[in-house]
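[1] Any chance you could fold what I've pasted below:
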Amino acid sequence: AGEVIQRPHNALKEILENAIDAGATRVTVSVRDGGNRSLSVQDNGHGIHRGDLPLLCERHATSKLRDFDGLRSMSTLGFRGEALCSISFVSHLTVTTMTEGDAHATKTVFRDSRIDEGPKPCAGLVGTTISVEDLFYNMPIRKKALRSSGEELAKVVEVVGRYALFHEGLGITLKRHGQQRPDICISQKDSRLSRMRLLFGA
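    Numbering: from 1, shown residues only. Sure thing, here's the model as predicted:
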């Protein structure tokens, strides 16, 4: 398990693409120790229906493809259903989500592709927050292979910057735990040129 997840930025890439495919216009990424200890992605997309939660981390289960003919008009960033499944095998994965019209959000903890706790009602906003904690806690050799917090943070910044640059209309913020000033803060209204200036300097 965890074949598609080698380092924190791999997990981040997959979760960011899910957020964009869910119609998010605002995403906040929070990391601790470069993502080695924790990584959280909060979006304002359409959320996940409660009935879909049992399949959320099942291998090759996806809501992005309804039938075979859908392959001809596929416009999402991914649809194989591998990412969350892999992440659930190598970390403590928590999903908090709410859809339009729901009375409350729900919080669900996954382990080894299955629901471990929940879904439980909780406070929240429309959208989804995915929290990945203690990456490779159960694989000491792979955990030891992770780079320093600084090196992992640099890769996280690179990934967030790439999606911020190429997805106009997406507001995205990257924060480090314990730091008030974000590393990246892009508004939904920022143009491509403004994004380049904010990311790379004037």
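[2] which residue sits closest to Asp190, ignoring its sequence neighbours?
    Leu198 (6.9 Å; CB to CB, 6 or more residues apart in numbering). For the C-beta atoms, the positions are set from N, CA and C on the backbone; glycine is no exception.
[3] The one you found belongs to a helix?
    Yes. According to DSSP: H, G, I helix; E, B strand; the rest coil, Leu198 belongs to a helix.
[4] Is it in contact with Ser191, as I believe?
    No. The pair Leu198 / Ser191 is not scored as a contact, 10.4 Å apart, by CB atoms under 8 Å.
[5] Show me where this structure has its helices.
    Secondary structure of the chain, counting by DSSP state H: helices at 8-21, 83-90, 140-144, 149-166, 192-200.
[6] So for the last one, mean pLDDT?
    Taken as a whole, helix 192-200 has a mean pLDDT of 95.
[7] Now do the buried residues in that helix.
    Within helix 192-200, the residues that count as buried by 16 or more other CB atoms under 10 Å are Arg195, Leu198.
[8] residues in contact with it?
    Gly161, Ala164, Leu165, Glu168, Ile184, Cys185, Ile186, Asp190 (CB atoms under 8 Å, 6 or more residues apart in numbering).
[9] Which residues are in contact with the last one?
    Put plainly, it is Asp190. Contacts of Asp190 (CB under 8 Å, 6+ apart): Glu168, Gly171, Leu198.
[10] residues touching the nearest residue to the second one once chain neighbours are set aside, list them.
    Okay, so that is Gly171. In this structure, Gly171 finds its nearest non-sequential neighbour in Gln188, 3.6 Å apart by CB to CB, 6+ apart. Taking CB under 8 Å, 6+ apart, we find Gln188 in contact with Thr25, Arg26, Gly169, Leu170, Gly171.
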